[in-house]
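J.: Sequence first, predicted coordinates after that:
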Amino acid sequence: MEQCAAGLAHLHEKRWVHCDVKPDNFLMNDEGVIKLIDFSMPGGPPAAPGAAVRRAREAAGTRSYMSPSRSGQAPRCESDVYSFGCTIYELLANKTTVYRCQYPDDLLNKHLREPFPTYSFTTAT
């Protein structure tokens, strides 16, 4: 998780937004070095840190990891952080997504309107 966060932080320091942070976009080589991949949808450097990068109606990314702020707004670094949080959740909870839905639009609506579920992460002794 630390390497993933460091890669994402480096991207944001350069004022880029990835727009599709998810487990599939982190790869680990044989030495255990993790790289963030798939820059087919990144937002280029904005005028200032945290500024909008794309037009407001462009919502690129994977809905299971898309932040509520992405609906009708341009992506920001904060959107990537939310997606990274969903990725960490998946790793810790061993669940493929925070919300369960039958249709993609329902999934996005849950990210927009439902409170983030709380779970107790305990280890077996």
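T.: Done, it's in.

J.: Going by C-alpha atoms from here, please, whenever you check contacts or count neighbours.
T.: Fine.

J.: Now do the contacts for Tyr99.
T.: Ser64, Leu107, Lys110, His111 (CA atoms under 8 Å, 6 or more residues apart in numbering).

J.: so it sits in a strand?
T.: No - looking at Tyr99 with DSSP: H, G, I helix; E, B strand; the rest coil, it is coil, so not inside a strand.

J.: pLDDT value on Gly61, please?
T.: Looking at Gly61, its pLDDT is 76.

J.: What helix or strand is Lys35 located in?
T.: strand 34-36 (DSSP states H and E).

J.: Leu27 now?
T.: strand 26-28.

J.: So which of the contacts of Tyr99 sit within helices?
T.: The helices, defined by DSSP state H, take in Leu107, Lys110, His111 from the contacts of Tyr99.

J.: How many residues are close by Met17?
T.: Residue 17: Val, not Met. 29 (other CA atoms under 10 Å).

J.: Just want the most central residue of the protein.
T.: Nearest to the geometric centre of the chain sits Ser83, at 1.8 Å (CA atoms, centre = their mean).

J.: Show me what whichever helix in the chain runs longest is packed up against.
T.: Selection of the longest helix in the chain by residue count, based on DSSP H, yields helix 77-93. Using 3 or more CA pairs under 8 Å, 6 or more residues apart in numbering; DSSP states H and E, no helix or strand is in contact with helix 77-93.

J.: Now do the buried residues in it.
T.: 77, 79-90 (16 or more other CA atoms under 10 Å).

J.: how distant is that helix from the center of its chain?
T.: Mean-position distance between helix 77-93 and its chain equals 5 Å (CA atoms, centre = their mean, to the nearest Å).
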